[in-house]
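**Q** Let me see the structure of the following:
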Amino acid sequence: RATGGRIVSNIEDLTEKDLGECALVEERKVGEDKMVFVENCKNPRAVSIVLRAGLERLVDEAERSVRDALSAVADVYRLPKVVYGAGAFEIELAKYIRDYANKVGGKEGLAVEAFARALEGIVETLITNAGLDPVDMLMKLRAEHMKTDGKWIGVDVFTGKLTDAKTLGVVEPLLVKTSALKAGTEAATLILRIDDVIAAARRKEEEKKKEEKKEEE
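**A** Got it, this is the predicted structure:
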């Protein structure tokens, strides 16, 4: 993939069109292992990252960090849109959902309101993990997001103050947010369906016992 060459199962079928190009193919010793380095390809569609450290634990940490970084870049590549983090996205979205709940009203409105509270629960977890007062900070965040210029106000976990996430430079891929919302909603819906099935089964058992009791009488 790096050189542009094609895999050929039979050497007799090999032609010049199957060959790839690169400037250097060299075997080198890295630590206790031998590795083949293919360098200076014209348009490499695959690359390797070699991580080295004195301890295996450090290598594992570096690998985890690189994987997270590559995953973030891949998410933005698939959907080239980002939102500001630090809890600003969830609070702003909860505000719009709560306004919609007031328009819907009734039992459905209560369900929509619960969805908004669940979104704020994500921010509450962030605040708690930062060692801050979740009740106080959430009230302040709601107040800031009611202002016209408070759309991206979030929590600075280092200072414990509310700051514009733009200033903090905290951004998150939109794809991650939408995936989390979909997965969370589907999980909650599945649990609610299970509760309905269990409740229905209990009602059937109770009705059956009542019928049996009547027959005995």
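
**Q** burial measure for Gly150, as a count.
**A** 18 (other CB atoms under 10 Å). The way it works is simple: take the backbone N, C-alpha and C, and place the C-beta from them, glycine included.

**Q** Surely it touches Glu144?
**A** Yes - at 4.0 Å, Gly150 and Glu144 qualify as touching, with contact defined as CB atoms under 8 Å.

**Q** Would you mind listing the residues in contact with Ala165?
**A** By CB atoms under 8 Å, 6 or more residues apart in numbering, Ala165 lies in contact with 84-86, 88, 152-154, 171.

**Q** In helices, which of these fall?
**A** Among the contacts of Ala165, the residues falling in helices (DSSP state H) are Ala88.

**Q** can you redo the contacts of Ala165 as a markdown table with neighbour count, pLDDT and distance to Leu190?
**A** As requested, the contacts of Ala165 are exported to a markdown table (neighbours: other CB atoms under 10 Å; pLDDT from 0 to 100; distance: CB to CB, whole Å):
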| residue | neighbour count | pLDDT | distance to Leu190 |
| --- | --- | --- | --- |
| Tyr84 | 21 | 86 | 31 |
| Gly85 | 20 | 82 | 27 |
| Ala86 | 27 | 86 | 30 |
| Ala88 | 28 | 85 | 29 |
| Trp152 | 22 | 85 | 33 |
| Ile153 | 24 | 85 | 34 |
| Gly154 | 27 | 85 | 31 |
| Val171 | 16 | 84 | 31 |
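
**Q** and which of the contacts of Ala165 is nearest to Gly106?
**A** Ala88 (30.4 Å; CB to CB).

**Q** Contact partners for the closest one?
**A** 145, 151-154, 165.

**Q** After the helix or strand where Glu108 lies, which helix or strand is next? Please name it.
**A** Using DSSP states H and E, Glu108 maps to helix 106-129. Next in sequence after helix 106-129, counting helices and strands by DSSP H and E, comes helix 134-145.

**Q** Dump the C-alpha coordinates for that following helix into CSV.
**A** Taking C-alpha atoms only, helix 134-145 is exported to CSV below (Å, rounded to 0.1, in the frame of the first residue of the first chain):
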residue,chain,number,x,y,z
PRO,A,134,-21.8,20.7,40.8
VAL,A,135,-25.0,22.4,42.0
ASP,A,136,-23.3,25.9,42.1
MET,A,137,-21.5,25.5,38.8
LEU,A,138,-24.5,24.1,36.9
MET,A,139,-26.6,27.1,38.1
LYS,A,140,-23.9,29.5,36.9
LEU,A,141,-23.6,27.7,33.6
ARG,A,142,-27.3,27.9,33.0
ALA,A,143,-27.3,31.6,33.7
GLU,A,144,-24.4,32.2,31.4
HIS,A,145,-26.0,30.2,28.5
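
**Q** Pull out the buried positions in it.
**A** For helix 134-145, a neighbour-count test (16 or more other CB atoms under 10 Å) marks 134, 137-138, 141, 144-145 as buried.

**Q** Switch the contacts of Ala88 over to CSV; also include distance to Arg57.
**A** Supplementary listing: the contacts of Ala88 in CSV, determined by distance: CB to CB, whole Å:
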residue, distance to Arg57
His145, 41
Lys151, 41
Trp152, 37
Ile153, 38
Gly154, 32
Ala165, 33
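
**Q** List the residues that contact the residue nearest the centre of the chain.
**A** For the chain, the residue nearest the mean C-alpha position is Val176 (3.8 Å; CA atoms, centre = their mean). Contact analysis of Val176 by CB under 8 Å, 6+ apart lists 72, 75.
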